[in-house]
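Visitor: Show me how the following folds:
(chains A and B)
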Protein chains: 2
Amino acid sequence: MNLLLFEPEDFLPDGTARISGRRLKQLREVIKAAPGKLCKAGILNGGVGCAELLHIDEAEARLRFEAHDAPPEALDVTLLCALPRPLTFVKVLHSATTCGVKKIHFFHSAKVEKSYWQSSKLATEAIREELLLALEQCGDTVLPELFFHRRFRRFVEDEVLGLTPEGALRIFGSPAATAPVPVGAASSSPVVLAVGPEGGFNEFEERLWSDNGFRAVTLGRRILRSEFAVNAFLTVLGVAAAR
Amino acid sequence: MNLLLFEPEDFLPDGTARISGRRLKQLREVIKAAPGKLCKAGILNGGVGCAELLHIDEAEARLRFEAHDAPPEALDVTLLCALPRPLTFVKVLHSATTCGVKKIHFFHSAKVEKSYWQSSKLATEAIREELLLALEQCGDTVLPELFFHRRFRRFVEDEVLGLTPEGALRIFGSPAATAPVPVGAASSSPVVLAVGPEGGFNEFEERLWSDNGFRAVTLGRRILRSEFAVNAFLTVLGVAAAR
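Guide: As a prediction, this is how the structure comes out:
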């Protein structure tokens, strides 16, 4: 936890915040915080700043918080990702969130197993928990929005254009592509990046992306696990922004 | 498994290869391969090419293999990494190997828990298995070399220079740095990259890196989990090579 993330309902009428559960456990057991301890904190979908621990016991911690900064800039990439197997889904979610992506669309495609859609990892509460952990990791406060699409062709042909920024650079990852991922592209225009499942898009799917304005790009000859591929794509797209 | 990795001892006098264990299981249960099946393959520390499945049963598979290409180019980065907690160690190993790093030095530092050095994940056989899986993932054949250093100061002051290429660009990751990771640096000169533990290097350690010719660089304001930070650093350093 590199940032203690408050939610609006943590705040009491006197302006102090009261936390329990996972965050309390983290403060007590990992950070071993005592009253007076200052830590980096933020408020969900709001500013970042400092919190001072006023009181801590087994049931709760009380803190005061002052925001004095905006959260880190978002990465201007809309991620479209074939639904990965459940454990990988969690890692992709983490990776995209810590890189600063704010809109993630998961979609079905030929090499996605139907059973992935039944996973308990896709439950709203499970997702929210993972997103909060990722925000605490990277020091952000702004929750990404997630969308799920069960019909690949309808998604690519009819929906994706309306759901993503106009004038965006549209690319999809393909190991067969010759064009490299454009370095720092997300700092000059919005990017829409489509990433395939383990095993990649099939030929029909690649053609559908191409026919709908997406250009094939590659990270190079090495094939990375989904969560590292997503992390690598986003890092390259955002690199100039990090300067 | 994007590449079936043979070891020299798999080959019989008639030139065919015989495999069992994990790789057989993968062929039978995941790929569901039948005789005649062609797949990408390589030989440990050697070339890559094609294998044809000749025979498969519950006990073994027999294949013939022809190499016709070199493995992908290595990434000219020597990675120096504070020893992470055991599960993260495995992920960092995977990430660095799939990015093409061939020399990895793990070292102790102030924020590394001593217990990490006792982990079963550090056993030679456990490491070898992880490295083979990572090579199969990224389509490489060349095993990285690993080194372990229990004394931080001695490592940085006395050993690191002799263990790493002369004339290399020497950098260490620091969230407080203002200089960005130099994009594509590994394609013009060797790079030696030092990455700290969760929680970072302490002040003394940062000064020691600086005093020994290392320059502080940052990935930006967001703090990534170790395995993603390693992946992001290596991706940025290697990006031009991927063009």
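
Visitor: show me the residues around the residue lying closest to residue A:110 once chain neighbours are set aside that make contact.
Guide: Excluding its sequence neighbours, the residue lying closest to residue A:110 (Cβ to Cβ, 6 or more residues apart in numbering or on different chains) is residue A:202, at 4.9 Å. The C-beta positions use only the backbone N, C-alpha and C, and glycine is treated the same way. Applying Cβ atoms under 8 Å, 6 or more residues apart in numbering or on different chains to residue A:202 gives the contacts A:109-111.

Visitor: Find me the pLDDT at residue A:202, would you?
Guide: pLDDT recorded at residue A:202 is 97.

Visitor: now swap in residue A:155 and tell me
Guide: Looking at residue A:155, its pLDDT is 98.

Visitor: and if you look at residue A:198?
Guide: At residue A:198, the predicted lDDT confidence score is 89.

Visitor: Please list all residues in contact with it.
Guide: Residue A:198 makes contact with A:84-85, A:88, A:111, A:226 under the criterion Cβ under 8 Å, 6+ apart.

Visitor: And for residue A:227?
Guide: Residues near residue A:227 by Cβ under 8 Å, 6+ apart: A:84, A:88, A:91-92, A:94-95, B:228.

Visitor: Would you reformat these as TSV and include secondary structure and distance to residue B:179?
Guide: Shown next, in TSV, are the contacts of residue A:227 (DSSP: H, G, I helix; E, B strand; the rest coil; distance: Cβ to Cβ, whole Å):
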residue	secondary structure	distance to residue B:179
A:84	coil	34
A:88	helix	33
A:91	helix	29
A:92	helix	30
A:94	helix	27
A:95	helix	24
B:228	helix	20
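
Visitor: just the residues you listed now: which is nearest residue A:74?
Guide: Nearest to residue A:74 among these: residue A:95, at 15.1 Å, using Cβ to Cβ.

Visitor: So that closest one sits against residue A:233, correct?
Guide: No - at 9.8 Å, residue A:95 does not count as touching residue A:233 under the criterion of Cβ atoms under 8 Å.

Visitor: pLDDT weak spots in chain A?
Guide: For chain A, residues meeting the criterion pLDDT under 70 lie at A:240-243.

Visitor: for chain B, what are the nearby residues on it?
Guide: Neighbours of chain B within chain A, by Cβ under 8 Å from any Cβ of the partner chain: A:2, A:72-73, A:94-95, A:98-100, A:137-140, A:180-181, A:183-184, A:218-225, A:227-228, A:231-232, A:235-236, A:238-239, A:241-243.

Visitor: Selecting buried members of these in PyMOL, what would you type?
Guide: Entered in PyMOL, the line below selects the buried ones among the residues of chain A next to chain B, by 16 or more other Cβ atoms under 10 Å in any protein chain shown:
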select buried, chain A and resi 2+72+94+95+98+99+100+137+138+139+140+180+181+183+184+218+219+220+222+223+224+225+227+228+231+232+235+236+238+239+241+242
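
Visitor: Among the residues of chain A next to chain B, which lie within helices?
Guide: Among those, DSSP state H puts A:94-95, A:98, A:137-138, A:227-228, A:231-232, A:235-236, A:238 in helices.

Visitor: Without its sequence neighbours, what residue ends up closest to the most centrally placed residue in chain A?
Guide: The geometric centre of chain A, computed from its C-alpha atoms, lies nearest to residue A:97 (Cα atoms, centre = their mean), at 2.1 Å. Leaving out its chain neighbours, the residue that sits closest to residue A:97 by Cβ to Cβ, 6+ apart is residue A:134, at 3.6 Å.

Visitor: picking that back up, mind putting the contacts of residue A:202 in JSON lines, distance to residue B:25, secondary structure and neighbour count included?
Guide: Shown next, in JSON lines, are the contacts of residue A:202 (distance: Cβ to Cβ, whole Å; DSSP: H, G, I helix; E, B strand; the rest coil; neighbours: other Cβ atoms under 10 Å in any protein chain shown):
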{"residue": "A:109", "distance to residue B:25": "26", "secondary structure": "coil", "neighbour count": "23"}
{"residue": "A:110", "distance to residue B:25": "24", "secondary structure": "coil", "neighbour count": "15"}
{"residue": "A:111", "distance to residue B:25": "20", "secondary structure": "coil", "neighbour count": "14"}
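
Visitor: just these now: which is nearest residue A:158?
Guide: Nearest to residue A:158 among the contacts of residue A:202, counting by Cβ to Cβ, is residue A:109 at 15.7 Å.

Visitor: ok, the closest one touching residue A:82?
Guide: Yes - between residue A:109 and residue A:82 there is a contact at 4.6 Å, judged by Cβ under 8 Å.

Visitor: Spit out the residues that contact these two alike.
Guide: Taking Cβ under 8 Å, 6+ apart as the criterion, residue A:109 and residue A:82 both touch A:196-197, A:201.

Visitor: now these: which count as buried?
Guide: Buried among these by 16+ other Cβ under 10 Å: A:196-197, A:201.

Visitor: Strands - which of the residues you listed land there?
Guide: Per DSSP state E, strands hold no members of these.

Visitor: What ranges does chain A have for its helices?
Guide: A:21-25, A:86-98, A:124-138, A:152-154, A:160-163, A:203-211, A:226-238.

Visitor: Tally up the residues packed near residue A:169, please.
Guide: Per other Cβ atoms under 10 Å in any protein chain shown, the neighbour tally for residue A:169 reads 21.

Visitor: ok now do it, which residues does it touch?
Guide: Contact partners of residue A:169, counting by Cβ under 8 Å, 6+ apart, are A:182, A:185, A:189-192.

Visitor: among those, which ones are buried?
Guide: Buried among the contacts of residue A:169 (16+ other Cβ under 10 Å): A:182, A:185, A:190-192.

Visitor: Per the annotation, how does chain A divide into domains?
Guide: A:4-69, A:77-242 (automatic domain parsing).

Visitor: winner for burial among those?
Guide: Sort these by mean neighbour count, taking mean count of other Cβ atoms under 10 Å in any protein chain shown, and domain A:77-242 sits at the top with a mean of 19.
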